[in-house]
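Chemist: Have a look; sequence and predicted model below, questions after that.
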Amino acid sequence: MARDAKDEGLLLSILDLKPTAGAATPSLESALAAYTRAVAEQIGVPLDAVTHEVTDTATAYLGLASRTADRPQRDLMLIWDERIGWYVAIEPRGNDQPPVICHLRGRIAPPPTTVAQFVTDVLDGRRSGQLSPIPPQLDRATLAAHMSGIPA
């Protein structure tokens with residue numbers, strides 16, 4: 001349940017345990033937290049508009065300050081889901097299903113710079129389209145390792 005290496009060291013010391021030798025595989029929670037922060041930084045989203053969680057499904061949410069020209073009255077959000085990756089959607093009203101504006105096809109967790117360019121393209125009207133078929137799901141250890149190895 002550690003958030004990062006420093007937190008892991010503190011938790012292990014409280015339990016009077018030593019870290020295991022070699023490179024540890026990051027938890028999905030810590031990898032997703034760092035990955036989401038890196039994406040938010042690339043896009044310019046303040047951290048108070050960013051959340052993530054790992055439960056039965058790992059997800060991340062970034063509230064976007066910009067709107068599209070064709071829907072200037074509606075707030076937008078950037079969502080990441082471990083099954084389908086990143087997509088831009090309209091903030092739902094009430095319990096509505098959020099209408100998806102565009103899905104970033106390809107890798108489930110592409111580099112933050114790729115995600116930032118995707119958001120810019122969607123906001124500028126250069127990309128549109130609904131969700132594509134769901135790609136095969138990566139196991140969580142592989143996903144965490146992949147996210148941790150992605151440079152900002």
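Modeler: It's in. Numbers count the residues shown, from 1 in each chain.
Chemist: nearest residue to residue 115 other than its sequence neighbours?
Modeler: Spatial nearest neighbour of residue 115, chain neighbours left out: residue 39 (4.9 Å); criterion: Cβ to Cβ, 6 or more residues apart in numbering. In short, each C-beta sits where N, CA and C put it, glycine included.
Chemist: That neighbour should be in a helix, yeah?
Modeler: Yes: assessed by DSSP: H, G, I helix; E, B strand; the rest coil, residue 39 belongs to a helix.
Chemist: residue contacts, it?
Modeler: 60, 62, 78, 80, 112, 115-116 (Cβ atoms under 8 Å, 6 or more residues apart in numbering).
Chemist: do the same with residue 48
Modeler: Neighbours of residue 48 in contact, by Cβ under 8 Å, 6+ apart: none.
Chemist: May I see the buried residues of the host helix or strand of residue 78?
Modeler: Using DSSP states H and E, residue 78 falls within strand 76-81. Counting neighbours by 16 or more other Cβ atoms under 10 Å, one finds that the buried residues in strand 76-81 are 76-80.
Chemist: Next: stretch 86-94.
Modeler: Buried, per 16+ other Cβ under 10 Å, within stretch 86-94: 86-90.
Chemist: Kind regards, and thank you for your time.
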